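Student: build me a structure from this.
(2 chains)
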Amino acid sequence: MTSPAIADVADPTIREGSDGAGGLLLEIAGRLESRRLHGIWTRATKVLTDARKDRVTVDAAGVTYCDSSGAAMLRDLENQQREQDGSLELRNFPDEFSAVLDLLTDSEEVQKEECPIAACWPEMVGRAAVTVARDAGMLVGAIGEIFAGVAHAITHPASVRWDSMFRAAQRAGVNSLPVVLLVSGLLGMILAFQSAPILHTYGADIVLANMIGLSFLRELGPLMTAVILTARSGSAFAAELGTMKINEEVDALHTMGVDPVRFLVIPRVLAAIIMTPLLTVFANLAGIVGGFIVWSGSLDLSLPAYLNQLEVALRPGDFYTGLVKSVVFGTLIAGIGCIRGMQTRGSASAVGQSTTSAVVSGIVLIALADALFTIVFHYLEL
Amino acid sequence: MSDAILQVRDLSAGYDERLILEHVSFEVQRGEVFAVLGGSGCGKSTLLKAILGLVRTFGGEVTFDGQDLLSAHGRERQALLSRLGVTYQDGALFGSMTLAENVAVPLEEHTDLSSRERFSIAQAKLELVGLGGFTTFLPSEISGGMRKRAAIARAMALDPPMLMLDEPSAGLDPVTSAGLDRLIARLATILGTTFVIVTHELPSILSIMDRCILLDRTARGVVEIGDPKVMHAESTNRIVRDFFDRRAEDDDLDPVRTERTTP
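Tutor: Take a look at the predicted model:
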């Protein structure tokens, strides 16, 4: 029962006719194997659907070979006929291949399954809403657990795995410094370059320093640092912990009586809490330097004038509000990254989903927190 | 008359510059259930991968169904490989796809069947391996043994004349393992499929294998080829005896342990 080379044989054929008693007769001949079934299967399905006969006879006397895919086709034709409240009789099927048919018949009894159909949009919207609601509830619980863990770490410093914390701080913080400096410096230049002509029109060139200083210290410094860290470190945390989760390393920690949150999450969150404000300070500096490059190059003003204007425009509160924001942003970035990693279930593709989810959730939460800070600081007149 | 579907001649293979197998030669007859045996690290899986061209070969020839598998390239190689079903130790199912979708991948790539027809075939193959009710499950939602069976269903998607299974029973309980043996025996008898199976499960070897090849790490190659029952009963080769008698290399040095482990 061997299969010859594919090109050596012709496709199987089907011929329709009458069985002489009002029923449909289908004569099937040739080799019924997976690579050659398409034409005959489609044709037979069309004939059965068009004819809609109560009784169909399939004469398989001309069948010279049948593999399990061929058997699957014959069974599918029988199922189609049954769905139309008709019957299908298989006749003259070669004895040497009947065992192949029996293979499918002998398989475990299972309910016939339909080819899965894509969900309609109201169902998809409903499912998405339920998922978002569940996710939000879970997120609140997990963030609470992380804050409790951080509080415990502060009150019990000996319980913190400081070596892990420093490693995470180096990877998430120190190694992020070049990209933070580059992006913030360029952003400062772009902002100054776009604003300079408009300010020049009103003779307000000097205010450029105020604008750059305030924008970076209060808003852009913390925000850009947070976005960069979300993309760089939040995603890395999710991927690391997600891979550990699917490799059952997190389960191993549980079974060793070790709290995975204390062991894996707290060092990363502490690292982000310490490094995000530090990076924000560097981002502020880079942005202000970027603004000065345009100030001196495009407006032809001096460094002392730039520094003097910054000193007049900025208050200590501007600097501190930015730092407060960055501490919260750091907690959110690391927290979300670790939560998404710990939520990973299943296989390698789930790690990818967790990473994407960590970045998306991180950016959304940072934007929400930033909006909240803006309102609070406005009413507190900070 | 010899009706070999797979011929391996003088094959040497390894990783980077490290040689694992040297001058391995054997033939697998059409319809045969052929086992590749040996202890851990002797190169069983490497042999399978070398036959498929997945690891570096340092010489030799592999002929599948009369065509040279190692020198084939591009479409010719794809066409040849599509006539071979392979399963890996952990199943290697695609985690983001359901079992039915996994089984349908070769059908989608190598046939013109519609999605409904592909699903029908995938369902039939999954039923063959006892997973008919799990078509919409993800690999992560089923057990290790079920994943291995699903991998066999995927390997069988195109009804290839030969299936190569890498440790299909490893990590399975004896009942599931015996069920898998029965499945292999049925497929070999009814569909005429040739099986090349990497294993060190003695019950499987003695119950369903027609012939086997025993590899050894020190020899970096073949120790003996033949009927496993005959080898088990009659071979005088020490490595063969150690393998079938489940005796560790250093057992002679530890009489107390030998006494405790020998029934």
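
Student: how long is stretch B:92-101 end to end?
Tutor: 14 Å (CA to CA, to the nearest Å).

Student: could I get the buried residue list for it?
Tutor: In terms of neighbour count (16 or more other CB atoms under 10 Å in any protein chain shown), stretch B:92-101 has its buried residues at B:93-101. Quick note: C-beta positions are derived from backbone N, CA and C, even for glycine.

Student: pLDDT weak spots in the stretch 1-150 of chain A?
Tutor: Counting by pLDDT under 70, the stretch 1-150 of chain A contains low-confidence ranges at A:1-9, A:106-119.

Student: rerun at 80
Tutor: Scanning the stretch 1-150 of chain A for pLDDT under 80 picks out the ranges A:1-10, A:103-119.

Student: for it, which segments count as strands?
Tutor: Shown for the stretch 1-150 of chain A, the strands assigned by DSSP state E, counting those that start in this stretch span residues A:13-18, A:24-32, A:55-66, A:87-91.

Student: do the stretch 101-250 of chain B as well
Tutor: B:162-166, B:194-198, B:211-216, B:221-226.

Student: run the angle between the third one and strand B:221-226 for me.
Tutor: Angular relation of strand B:211-216 and strand B:221-226 on a 0 to 180 degree scale: 160 degrees, by axes from the mean of the first three to the mean of the last three CA atoms, to 10 degrees.

Student: strand B:211-216 packs against which elements?
Tutor: Here strand B:211-216 touches strand B:18-29, strand B:33-37, strand B:221-226, helix B:228-234, helix B:238-244, going by 3 or more CB pairs under 8 Å, 6 or more residues apart in numbering or on different chains; DSSP states H and E.

Student: with the last one instead?
Tutor: With contacts defined as 3+ CB pairs under 8 Å, 6+ apart, the packing partners of strand B:221-226 are strand B:18-29, strand B:211-216, helix B:238-244.

Student: find the nearest non-adjacent residue to the residue in the stretch 201-350 of chain A positioned nearest to chain B, please.
Tutor: In the stretch 201-350 of chain A, the residue that lies nearest chain B is residue A:347 (2.5 Å; CB to the nearest CB). Spatial nearest neighbour of residue A:347, chain neighbours left out: residue B:95 (2.5 Å); criterion: CB to CB, 6 or more residues apart in numbering or on different chains.

Student: so which bits of the longest helix along chain A are buried?
Tutor: Secondary structure of chain A per DSSP state H: the longest helix is helix A:121-155. Buried residues in helix A:121-155, defined by neighbour count with 16+ other CB under 10 Å: A:139, A:142-143, A:146, A:149-150, A:153.

Student: do the same with stretch A:289-300
Tutor: The neighbour-count check on stretch A:289-300 (16+ other CB under 10 Å) flags A:289-292, A:294-295, A:298-299 as buried.

Student: now, those residues that are in strands?
Tutor: Using DSSP state E, no member of the buried residues of stretch A:289-300 falls within strands.

Student: for the residue in the stretch 51-200 of chain B that chain A sits nearest to, helix, strand, or coil?
Tutor: Relative to chain A, the nearest point of the stretch 51-200 of chain B is residue B:95 (2.5 Å; CB to the nearest CB). Classification of residue B:95 using DSSP: H, G, I helix; E, B strand; the rest coil returns coil.

Student: quick check: it touching residue B:141?
Tutor: No - shown here, residue B:95 and residue B:141 do not form a contact pair, counting by CB atoms under 8 Å, at 10.4 Å.

Student: overlap in contacts, those two.
Tutor: The contact sets of residue B:95 and residue B:141 overlap at residue A:346 (CB atoms under 8 Å, 6 or more residues apart in numbering or on different chains).

Student: would you map the helices across chain B?
Tutor: Under DSSP H, chain B gives helices at B:44-51, B:74-81, B:99-110, B:115-128, B:144-155, B:174-191, B:202-208, B:228-234, B:238-244, B:255-261.

Student: for these, which has the smallest mean pLDDT value?
Tutor: When the helices of chain B are compared on mean pLDDT, helix B:255-261 scores lowest, with a mean of 45.

Student: thinking again about what came up before, from what I can see the residue of the stretch 201-350 of chain A closest to chain B touches residue B:140, true?
Tutor: Yes - with contact defined as CB under 8 Å, residue A:347 reaches residue B:140; the gap is 5.0 Å.

Student: intersection of neighbour lists for those two?
Tutor: Joint contacts of residue A:347 and residue B:140 (CB under 8 Å, 6+ apart) are residue B:95.

Student: and the strands of the stretch 101-250 of chain B as TSV, adding mean pLDDT, mean neighbour count and distance to residue B:109?
Tutor: TSV is the format used below for the strands of the stretch 101-250 of chain B (pLDDT from 0 to 100; neighbours: other CB atoms under 10 Å in any protein chain shown; distance: least, CB to CB, whole Å):
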stretch	mean pLDDT	mean neighbour count	distance to residue B:109
strand B:162-166	91	24	18
strand B:194-198	93	25	22
strand B:211-216	92	23	31
strand B:221-226	88	18	35
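
Student: identify whichever of those lies nearest to residue B:237.
Tutor: strand B:221-226 (5.6 Å; CB to CB).

Student: nearest spatial neighbour of residue B:83, skipping sequence neighbours?
Tutor: Closest residue to residue B:83 apart from its sequence neighbours, by CB to CB, 6+ apart: residue B:160 at 5.1 Å.

Student: do residue A:186 as well
Tutor: Distance criterion CB to CB, 6+ apart; nearest residue to residue A:186, sequence neighbours excluded, is residue A:290 at 6.4 Å.

Student: re earlier: looking at the buried residues of helix A:121-155, which is nearest residue B:13?
Tutor: The closest of those to residue B:13 turns out to be residue A:142 (CB to CB; 48.9 Å).

Student: quick one, what contacts residue 210?
Tutor: I'll assume chain A. Residue A:210 makes contact with A:309-310, A:312-313, according to CB under 8 Å, 6+ apart.

Student: chain B, not that one
Tutor: Going by CB under 8 Å, 6+ apart, residue B:210 touches B:29, B:32-34, B:227.

Student: quick one: low-confidence ranges for the stretch 151-300 of chain A?
Tutor: The low-confidence ranges in the stretch 151-300 of chain A, as defined by pLDDT under 80, are A:247-248, A:251-258, A:299-300.
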